[in-house]
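**Q** Sequence first, predicted coordinates after that:
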Amino acid sequence: MSGVLRVRRIESVVEAVGDTPLLRLRVVTKNAPDVPVYVKLEFENPGGSVKDRAALRMIQDALADGRLTKGKTLIDSTSGNTGVAYSLFGAALGVPVKLVMPSNVSKARKDIARAFGTEIIFSDPLEGSDGAIHVAKKIVDEDPDKWFYPDQYANPSNPLAHYHGTGPEILRDVGDQITHFVAGLGTSGTMMGTARRLREHHRPIRCVAVEPDQPLHGLEGLKHMESSLVPPIYDRAGHDEVFPVTTEDGWDMADRLAREEGLHVGHSSGANVFCAVKIAERIQAAGTPGCVVAIVADRGDRYFSPLAWEKRYVW
């Protein structure tokens, strides 16, 4: 066994956020062997997802500027991963946390958040993430002095976490090689912040946003923007292309990544990789140089508890 053992001594779990690895895919990209496809393994963050970056930045910025003070409780709406991150960092930093989640988010995410001492309020599953937003805002409006409401969909610290973290890390690791960047649209913070930084590079990098192909879908964490409340931090001009992905294609790619690459990832990550592979095949067919980097947002173990859409899946 070869390689360099990297040891990093840290003083707090918050210091473990970021500096996630890039992994080159070899099997699912077999139809585009000349175009490297790398995935940024965001499940290596301590909370297990890309949302650790934004949650930590929103909390730290609010502590620094006085919006979050002793005695206030953090409250926000979430479909799961940001809630886990809020819960983790709230416990580490002594900040109480209350979350609003659609009742149909995976059991694993509910249980993980509760393990850190977080209280959960459930919203109507049929209203999705938009319904959770409405409930959270109503609670805050009734007693605004009690709460710190980061509002991840409107908080500029969300994309800033990626502008200062994810984007520079990608450029450090692949530099002039990268031609395309792929990320899914939920709050849109990952795409907005990372794309902004990549577009400052001296060579052009095409930024491709992944979203579900229809309003009713099974790609948890992603938004179909046309039929959803559009996050205030989202700017359509912040990326170059929208790539719609079906639920089936996202799920099937997640299954392939587990079987063929040893990566057990969530379905939004499967959608991102499906898009990245299609882009690589497009580049290969054109005979032009290229390199694609996609975000793998989280691990698949948070999806073991079946959702309503999972009719054909049995564990």
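**A** Sure thing, it's come through.

**Q** What mean pLDDT does stretch 119-134 get?
**A** Across stretch 119-134, pLDDT averages out at 90.

**Q** end-to-end on it?
**A** 18 Å (CA to CA, to the nearest Å).

**Q** so where does the nearest residue to residue 260 once chain neighbours are set aside fall, helix or strand?
**A** Leaving out its chain neighbours, the residue that sits closest to residue 260 by CB to CB, 6 or more residues apart in numbering is residue 27, at 4.2 Å. Quick note: C-beta positions are derived from backbone N, CA and C, even for glycine. Under the criterion DSSP states H and E, no helix or strand holds residue 27.

**Q** What about residue 27, how many residues nearby?
**A** Counted with other CB atoms under 10 Å, the neighbours of residue 27 add up to 11.

**Q** how close does it get to residue 257?
**A** 9 Å (CB to CB, to the nearest Å).

**Q** again, but for residue 129
**A** Residue 129 sits 25 Å away from residue 257, going by CB to CB.

**Q** can you give me the helices in the stretch 151-300 of the chain?
**A** With DSSP state H, counting those that start in this stretch as the criterion, the stretch 151-300 of the chain has helices at 157-161, 167-174, 189-198, 247-256, 267-286.

**Q** Can you add mean neighbour count, mean pLDDT and distance to residue 214 and give those helices back as JSON lines?
**A** Shown next, in JSON lines, are those (neighbours: other CB atoms under 10 Å; pLDDT from 0 to 100; distance: least, CB to CB, whole Å):
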{"stretch": "helix 157-161", "mean neighbour count": "25", "mean pLDDT": "98", "distance to residue 214": "26"}
{"stretch": "helix 167-174", "mean neighbour count": "18", "mean pLDDT": "98", "distance to residue 214": "30"}
{"stretch": "helix 189-198", "mean neighbour count": "26", "mean pLDDT": "98", "distance to residue 214": "20"}
{"stretch": "helix 247-256", "mean neighbour count": "20", "mean pLDDT": "98", "distance to residue 214": "8"}
{"stretch": "helix 267-286", "mean neighbour count": "24", "mean pLDDT": "98", "distance to residue 214": "13"}
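
**Q** Just send those helices back as CSV, with distance to residue 137 too.
**A** Below are those laid out as CSV (distance: least, CB to CB, whole Å):
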stretch, distance to residue 137
helix 157-161, 17
helix 167-174, 30
helix 189-198, 19
helix 247-256, 29
helix 267-286, 24
